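Undergrad: Mind folding the following:
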Amino acid sequence: MRQERISEQKLAKHAKAHAASTPHRLNVILNSTSSQFRRRRNDPTLRDLRVLLFKLFSASAQAAGLLVMLGAAASFGAELVVPERPIVADGALADWRGVTFHTISNVAGPVAEVALAHDRHTLYLAAKVCDASPLLNRASDPLNYFKEGDAIDLRLGPWREPHNAVGAGDLRLLLVPGTGTAYAVLYRQIDPNADPEGRVAFRSPVRSVTFDSVQECQEVKVVFKPAPGGYLCEAAIPLVRLGFEWKLGLRWLGDIGILQSNDGGMITAGRCYLFDPFAVCVTDVPTEAELNPARWGELVLKSEAQ
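TA: Got it, this is the predicted structure:
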């Protein structure tokens, strides 16, 4: 996994890059992704596909992300170490010195640096996000915050093998900036203890995905702060609220994603994740809502003694 520190100057630089669409970027990706794709790029079928896609999506970052997936090796299954560290979630990130941050990137470059830590009772998240239109989320509907602009998308689940399908305990915690306050919303696709009357279906014209429960989490402390070239996010999440209990050698499945608003902060215009390179769609509600643990990485919680 590539790791890179993002300075404030680099955040500002990449924010400008995100703001300016480059129509030729798609053509570059089509002709230079992986060695396997390059070896096959003269295949007539792929050549016709490239021409068609370029005509349809020449300025689309989403299409560029999809094309990267055709030739790039997926990073899901990688490991992220979660160290034991007491943190004060105040948005300053001063307590994170010495903790490894991991870079989330899309075709335009680095989008964010993220890190996790714990103190055996609380899971902590920190993010430094590159964003030309930071902290914009319409926040009008708690069920659909993930469709309304900027957010941090934390996905977790109990470790098991295999993990191809969604299981009980898998969850999504969405951290959302709001006007004067921030929100945390917990989505569980399978929850045996949920009230059946509270089930929520996310639909499109072609399919739907049902979640057993979607709840706001007031127990989660989340702070967003503007920063040069983007914003910072810090969160303190009680393990008991997630349904997890600390034990030595604890492993989770998980992923961290960045949802990006359009310039007006009305809709989600981009998505990218630390492990899952396929999670780029912003035009189909069920696809954006559903959990895909098969494409998550492994989170290993370490103690101070380890």
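Undergrad: quick one: low-confidence ranges for the stretch 201-306 of the chain?
TA: Counting by pLDDT under 70, the stretch 201-306 of the chain shows low-confidence ranges at 305-306.
Undergrad: mind listing the helices for it?
TA: For the stretch 201-306 of the chain, helices defined by DSSP state H, counting those that start in this stretch occupy the ranges 239-242, 285-289.
Undergrad: What is the first one packed up against?
TA: For helix 239-242, the helices and strands in contact under the criterion 3 or more C-beta pairs under 8 Å, 6 or more residues apart in numbering; DSSP states H and E are strand 122-130. All C-beta spots, glycine's among them, are computed from the backbone N, C-alpha and C.
Undergrad: Return the distance of the strand or helix carrying Gly157 from the chain's centre.
TA: Here Gly157 is covered by strand 151-158, with elements defined by DSSP states H and E. Relative to its parent chain, strand 151-158 has a centroid offset of 7 Å by C-alpha atoms, centre = their mean, to the nearest Å.
Undergrad: How about Met78, nearest residue that isn't a chain neighbour?
TA: Not Met; residue 78 is Ala. Gly297 (4.7 Å; C-beta to C-beta, 6 or more residues apart in numbering).
Undergrad: On the strand side of things, show who that neighbour bridges to.
TA: Gly297 forms beta bridges with Gly254, as assigned by DSSP bridges.
Undergrad: Would you confirm that it contacts Glu79?
TA: Yes - contact criterion C-beta atoms under 8 Å: Gly297 and Glu79 qualify, at 6.5 Å.
Undergrad: Model confidence score at the closest residue to Cys233 other than its chain neighbours, please.
TA: Counting by C-beta to C-beta, 6+ apart, Ala127 is the residue found nearest to Cys233 once chain neighbours are left out, at 4.3 Å. If you check Ala127, the pLDDT there is 98.
Undergrad: What of Gln3?
TA: Reported pLDDT at Gln3 in the predicted model: 43.
Undergrad: Kindly report the same for the one 10 residues further on.
TA: In the predicted model, Lys13 carries a pLDDT score of 51.
Undergrad: In TSV, list the helices of the stretch 201-306 of the chain along with distance to Val107.
TA: Compiled in TSV, the helices of the stretch 201-306 of the chain are given as follows (distance: least, C-beta to C-beta, whole Å):
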stretch	distance to Val107
helix 239-242	32
helix 285-289	19
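Undergrad: Which of the ones you listed sits closest to Arg207?
TA: helix 285-289 (5.4 Å; C-beta to C-beta).
Undergrad: So what touches that closest one?
TA: With C-beta atoms under 8 Å, 6 or more residues apart in numbering as the test, helix 285-289 has contacts from 144, 146-147, 187, 202-204, 207-209, 211, 268, 271, 281-282.
Undergrad: Tell me the buried residues in stretch 226-242?
TA: Residues 227, 229-237, 239, 241-242 are the ones in stretch 226-242 that count as buried (16 or more other C-beta atoms under 10 Å).
Undergrad: Can you tell me how far the residue nearest to Ala78 is from Gly254?
TA: Noted for Gly297: a distance of 6 Å to Gly254, by C-beta to C-beta, to the nearest Å.
Undergrad: Can you tell me which residue sits nearest the middle of the chain?
TA: Gly257 (0.7 Å; C-alpha atoms, centre = their mean).
Undergrad: OK, contacts around that residue?
TA: Gly257 neighbours (C-beta under 8 Å, 6+ apart): 104, 152-155, 271-274, 276, 279.
Undergrad: Check Leu93 too.
TA: Neighbouring residues of Leu93 by C-beta under 8 Å, 6+ apart: 126, 128, 232, 234.
Undergrad: re earlier: if I pick the residue nearest to Ala78, what's in contact with it?
TA: 75-80, 253-255, 274-275.
Undergrad: Tell me the one of these nearest Ala168?
TA: Nearest to Ala168 among the contacts of Gly297 is Leu253, at 12.8 Å by C-beta to C-beta.
Undergrad: residues touching that closest one, list them.
TA: Leu253 touches 156-160, 163, 170, 293, 296-299, counting by C-beta under 8 Å, 6+ apart.
Undergrad: Of the residues you listed, grab the buried ones for ChimeraX.
TA: The buried residues among those can be selected in ChimeraX (16+ other C-beta under 10 Å) with this line:
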select :156,157,158,163,170,293,296,297,298,299
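Undergrad: can you list the contacts of Leu253 in CSV and add distance to Ala182?
TA: Listed next are the contacts of Leu253 as CSV, based on distance: C-beta to C-beta, whole Å:
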residue, distance to Ala182
Leu156, 19
Gly157, 24
Pro158, 27
Trp159, 29
Arg160, 32
His163, 30
Asp170, 24
Pro293, 26
Trp296, 24
Gly297, 25
Glu298, 28
Leu299, 23
